[in-house]
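Chemist: turn this into a structure:
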Amino acid sequence: MDNPMLEAVRTLLKETFDGPEENASWYTEAKPGSGLFGTLEKLSAEDASIPVYGTTIAAQTDHTRYYLWVANYYLNEEEPKKDWDASWKITNVDKITWTQFNDELQQEYTKLLKKIDLLDSLDEQKSNCLLGVIAHSAYHLGSIRQMIKAIKV
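Modeler: Residues are numbered from 1 along each chain as shown. This next block holds a predicted model:
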C-alpha cells in the first residue's frame, strides 16, 4: 500500500480494535489489551448484559459490528438496508451469543481491513466512510470502557 492516508486509516483502525503496537499509541491507552478486542475478551456474557445508563456492553458491541457491516457495503459502493435500532434492543446475552457477537465483530473488522488493502485511492465518500468508522468505533470503545468502570465498582 503506497497511499499514506490509507496506511493511516489502517493504523488507527488497528489501534482501535487490536490495540496499540509496542506500547505506542495515537489515541488509546498505550498498553496491551486496550483496544476493543482486548477490552471485550475480559468480559463475561453476564458482564456484557448489565444495563448501564439504558444500554448494555452487548448492545454497544453489536452496534459497532453493525456499523462495520454498513461500512463494508459502502466501500462496495452499495447501499445496505439499514436498521440502526435493532442493535440497541439487545439487553441480555448468554455465553454462546456473546462469543458470536465477538466473532462477528472480528469478521466484519477483518473484512474491512481486506477491503482497505484493495484500495489504491480514496474519493470523498470512501474517505468519509473510513474516517467515520474510526471515529465511531473509537467512541464506542470509550463508552464500553466507561461502562466497565460502572459495572466493576
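
Chemist: which secondary structure element of this structure has the lowest mean pLDDT?
Modeler: Counting by mean pLDDT, DSSP states H and E, the chain has its least confident helix or strand at helix 84-88, which shows a mean of 82.

Chemist: tell me which other helices or strands that one touches.
Modeler: helix 57-75 (3 or more CB pairs under 8 Å, 6 or more residues apart in numbering; DSSP states H and E). C-beta: built from backbone N, CA, C; applies to glycine.

Chemist: just the buried positions in the one helix or strand residue 6 maps to, please.
Modeler: Per DSSP states H and E: residue 6 is located in helix 4-17. Neighbour counts over helix 4-17 (16 or more other CB atoms under 10 Å) mark 6, 9, 10, 12, 13, 15, 16, 17 as buried.

Chemist: okay, now residue 88: neighbour count?
Modeler: For residue 88, the count of nearby residues is 15 (other CB atoms under 10 Å).

Chemist: ok, it - contacts?
Modeler: By CB atoms under 8 Å, 6 or more residues apart in numbering, the residues touching residue 88 are 55, 59, 63.
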